[in-house]
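# need a 3D model of the sequence below.
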Amino acid sequence: MHLLAATPGSLDDGALPVDPGQTPAEVVVISAADSELAALSAARAEMADPPELRLVSLMHLRHPVSVDTHIATCAAKSKLVIARVLGGTGYWRYGLEQYAAHLAAAGVAFAALPGDDKPDAELWDLSTVARPDWEALWSYLVEGGPQNAAQFLAYARAMVRDEADRPALARPLLRAGVYWPGTGVADLDTARAGWTAGAPVVPVIFYRALLEGAGLNPVNRLVRELMRRGLNPLPVFVASLKDPLSVATLEGLFAAAPPDAVLNATAFAVGSPDPGEPVSGASNRDVNPLAGPAAQGAPVFQVVLSGGSEEAWESGTAGLGPRDIAMNVALPEVDGRVMTRAISFKGEAYFDAATQCPITAYRARGDRIAFVADLVANWTSLRRSAPAERRVALVLANYPNKDGRLANGVGLDTPAATVDVLRLLAAEGYRVTNAPTDSGDLMRRILAGPTNWLTDRAAREGGVTLSLIDYSAAYARLPWDLRVQIESRWGGPEADPFFVPGRTDCGHFALSVLEFGNVVV
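Coordinates of the predicted model:
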């Protein structure tokens with residue numbers, strides 16, 4: 001079979017076999033975490049006497065042929081192979097089984113380590129190193145950071161060279177804390193020194209792993225864009241939103257600096273799809289620090305640090321890949337987070353010739369970061385405004401051709417729900433006037449105006465109107481090429497079915513809109 005060469009900086013989904021193109025070495029490290037590979041690459045470069053090292057992304061070893069090739073050309077001829085696998089044997093069963101079998105036959109030491117801080121008996125059973133060595137190697141990677149990365153390599157070197165002296169045990173690092181661009185790990189006072197007095201506070205939450213490698217570029221740029229919009233960003237790194245120390249850190253920071261909005265860049269969900277379902281013996285509100293009392297009801301916006309390449313995202317028709325959709329879009333919605341944009345993508349930072357590994361990092365996408373910063377600025381402004389000043393739109397279905405499907409919702413009484421929402425808004429201080437008394441009243445008002453029922457639309461006098469002059473002024477602000485596309489497909493504004501020619505003016509559009517003060521339906 002013809003194998004593709006692993007392209008430096010490329011991101012492989014395992015659909016095609018690739019050859020990482022590596023030669024044997026003293027130590028081979030396999031990891032799915034790009035930040036971990038970057039940290040080990042940097043640590044090796046700083047060591048006076050580093051082990052001969054190969055680093056390989058597990059993403060390049062998803063295909064069985066890729067596994068077989070790497071074992072034959074590199075791993076089985078090396079001295080120590082360390083594979084760190086998030087998700088256990090079920091995530092990479094073929095790879096783990098093949099490395100374990102072939103390395104044992106070749107007399108090469110093998111350490112299969114968990115990708116998180118939870119022990120995994122199955123991974124230990126596949127390993128051939130001594131238990132103290134297995135636990136020491138694992139602890140260095142669990143704690144993370146430059147010093148532990150260097151100690152990890154020194155420990156591996158001692159193993160393959162049979163050195164009696166072993167490095168000190170892993171040094172625990174903060175599992176969560178404040179980060180500030182240019183400073184690194186900081187505290188709340190450091191962040192406040194760069195703030196504007198009285199401006200909205202916007203925590204930016206991201207994984208601690210980004211501190212280890214070249215992963216902070218999108219965070220730094222997001223912080224800068226928020227500050228340009230007069231906001232007070234509070235970058236916070238966490239091990240996980242389920243980690244008790246991380247939760248306590250967030251709650252303490254939220255209490256000291258109440259958030260107006262939260263930007264979250266961590267993946268997955270904390271809670272359950274059922275808000276009333278217990279999660280580990282507690283409710284979603286109890287276990288989710290972004291929804292708990294300390295967050296004071298601040299809206300939470302999800303930003304995506306995509307694991308895919310910008311080229312694949314830009315040229316593809318489906319946008320983000322399946323892995324990103326599951327981890328960073330679908331599951332976070334379970335916690336009620338509002339999806340924004342993917343603000344960065346993976347790309348090659350540099351090729352490390354010494355470890356024969358492309359080191360990848362997040363590359364920020366400026367226009368997406370600007371969109372997110374604008375969105376959050378608007379939401380914080382809205383949140384600080386009085387309810388009576390806010391304008392709300394409730395959008396109901398207006399199916400083509402049949403008025404019988406107006407405001408349709410399968411299994412729902414949408415008109416009644418709309419009336420209830422209007423009442424609730426009024427009770428909360430929103431300016432709601434002339435509201436319908438019940439669902440029947442609402443439907444009568446809707447049917448008095450234009451709908452997609454064509455037969456008597458012109459005779460209906462309800463709804464609101466938009467003059468052609470006002471429409472044209474707004475339309476003229478659109479890009480020229482977009483207007484050309486619109487008119488080539490739909491014709492000019494006067495060709496719209498909702499356009500009504502004027503007798504004494506240029507005419508207007510009759511719109512299916514009902515106004516109730518500052519709330520429209």
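
# surely residue 200 is in contact with residue 258?
No. Using CB atoms under 8 Å, residue 200 is not in contact with residue 258; the gap is 9.8 Å. For the C-beta atoms, the positions are set from N, CA and C on the backbone; glycine is no exception.

# who's more crowded, those two?
Between residue 200 and residue 258, residue 200 has the larger neighbour count (other CB atoms under 10 Å), namely 23 against 13.

# work out for me the element the residue nearest the centre of the chain sits within.
Closest to where the C-alpha atoms of the chain average out (CA atoms, centre = their mean) is residue 304, at 2.7 Å. Counting by DSSP states H and E, the element that carries residue 304 is strand 300-309.

# check which helices and strands that strand sits against.
Using 3 or more CB pairs under 8 Å, 6 or more residues apart in numbering; DSSP states H and E as the contact criterion, the elements in contact with strand 300-309 are strand 262-264, helix 322-324, strand 338-352, helix 366-384.

# need these in JSON lines (columns: mean pLDDT, distance to residue 517 and mean neighbour count).
JSON lines is the format used below for the helices and strands packed on strand 300-309 (pLDDT from 0 to 100; distance: least, CB to CB, whole Å; neighbours: other CB atoms under 10 Å):
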{"stretch": "strand 262-264", "mean pLDDT": "99", "distance to residue 517": "30", "mean neighbour count": "25"}
{"stretch": "helix 322-324", "mean pLDDT": "92", "distance to residue 517": "41", "mean neighbour count": "15"}
{"stretch": "strand 338-352", "mean pLDDT": "94", "distance to residue 517": "25", "mean neighbour count": "19"}
{"stretch": "helix 366-384", "mean pLDDT": "98", "distance to residue 517": "17", "mean neighbour count": "17"}
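
# in this protein, what helix or strand scores lowest on average pLDDT?
For the chain, using mean pLDDT, DSSP states H and E, the weakest element among its helices and strands is strand 4-5, scoring a mean of 56.

# so what's the gap between the very next helix or strand once past that one and the chain middle?
Of the helices and strands lying after strand 4-5 in sequence (DSSP H and E), the nearest is strand 18-19. Taking the mean of its C-alpha atoms, strand 18-19 sits 29 Å from the chain's own mean (CA atoms, centre = their mean, to the nearest Å).

# what's the separation between the closest residue to residue 415 other than its chain neighbours and residue 515?
Leaving aside its sequence neighbours, residue 415 sits nearest to residue 439 (CB to CB, 6 or more residues apart in numbering; 3.6 Å). Here residue 439 is placed at a distance of 18 Å from residue 515 (CB to CB, to the nearest Å).

# what's the neighbour count on the residue nearest to residue 415?
With other CB under 10 Å as criterion, residue 439 counts 17.

# would you agree it is in contact with residue 413?
Yes. Distance between residue 439 and residue 413: 6.8 Å, which falls inside the contact criterion (CB under 8 Å).

# quick one, helices of the stretch 151-300 of the chain?
The residue ranges that make up the helices of the stretch 151-300 of the chain, judged by DSSP state H, counting those that start in this stretch, are 188-192, 217-228, 244-256, 284-287.

# to residue 389, which of those lies closest?
Ranking the helices of the stretch 151-300 of the chain by distance to residue 389, with CB to CB as the measure, places helix 217-228 first at 23.6 Å.

# got the CA coordinates for the closest one in CSV?
Backbone C-alpha positions of helix 217-228 (Å, rounded to 0.1, in the frame of the first residue of the first chain) are rendered in CSV as follows:
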residue,chain,number,x,y,z
ASN,A,217,-2.2,33.2,20.9
PRO,A,218,-6.0,33.2,20.5
VAL,A,219,-6.4,33.9,24.2
ASN,A,220,-4.0,36.9,24.1
ARG,A,221,-5.7,38.4,21.0
LEU,A,222,-9.2,37.9,22.5
VAL,A,223,-8.1,39.7,25.7
ARG,A,224,-6.7,42.6,23.6
GLU,A,225,-9.9,42.9,21.5
LEU,A,226,-12.1,42.9,24.6
MET,A,227,-10.0,45.7,26.1
ARG,A,228,-10.2,47.7,22.9
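
# show me what it is packed up against.
Where contact means 3+ CB pairs under 8 Å, 6+ apart, helix 217-228 is packed against strand 201-207, strand 232-238, strand 338-352, strand 357-364, helix 366-384.

# apply 6 Å and report the result again.
Applying 3 or more CB pairs under 6 Å, 6 or more residues apart in numbering; DSSP states H and E, we find helix 217-228 packed against strand 201-207, strand 232-238, strand 357-364, helix 366-384.

# same question for it, mean pLDDT?
The average pLDDT for helix 217-228 rounds to 97.

# starting at the chain centroid, how far to that helix?
Averaged C-alpha coordinates place helix 217-228 at 16 Å from its chain's average position (CA atoms, centre = their mean).

# poorly predicted segments of the chain, please.
Along the chain, the parts satisfying pLDDT under 70 run over 1-15, 213-214, 273-286, 454, 457-458.

# could you chop it up by domain?
The chain is divided into the following domains under automatic domain parsing: 4-160, 176-352+360-384, 388-520.

# residue 168 is nearest to which of those?
Within the domains of the chain, the stretch nearest residue 168 is domain 4-160; the backing value is 6.7 Å (CB to CB).

# burial of the closest residue to residue 87 other than its chain neighbours, as a residue count?
The spatially closest residue to residue 87, leaving aside those adjacent along the chain, is residue 115, at 6.7 Å (CB to CB, 6+ apart). Applying the criterion other CB under 10 Å, we find 23 residues in the vicinity of residue 115.

# again with residue 306
As a burial measure, the neighbour count of residue 306 was computed by other CB under 10 Å and equals 25.

# residue 342 is in contact with that one, correct?
Yes. With contacts defined as CB atoms under 6 Å, residue 306 counts as touching residue 342 at a distance of 4.6 Å.

# who's in contact with the residue lying closest to residue 227 once chain neighbours are set aside?
For residue 227, the nearest residue in space outside its immediate sequence neighbours is residue 233; the separation is 6.3 Å by CB to CB, 6+ apart. Under the criterion of CB atoms under 6 Å, 6 or more residues apart in numbering, the neighbours of residue 233 are 202, 204, 223, 226.

# ok, back up a step: which residues are contacting the strand holding residue 304?
The contact list for strand 300-309, computed with CB under 6 Å, 6+ apart, reads 11, 262-265, 290, 321, 324, 328, 332, 337-340, 342-346, 362, 372.

# arrange the domains of the chain in a markdown table, one row each, with distance to residue 170 as further columns.
Compiled in a markdown table, those are given as follows (distance: least, CB to CB, whole Å):
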| stretch | distance to residue 170 |
| --- | --- |
| domain 4-160 | 4 |
| domain 176-352+360-384 | 13 |
| domain 388-520 | 51 |
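
# between those, which one is nearest to residue 166?
Between residue 166 and the domains of the chain, the shortest gap by CB to CB is with domain 4-160, which sits at 5.3 Å.
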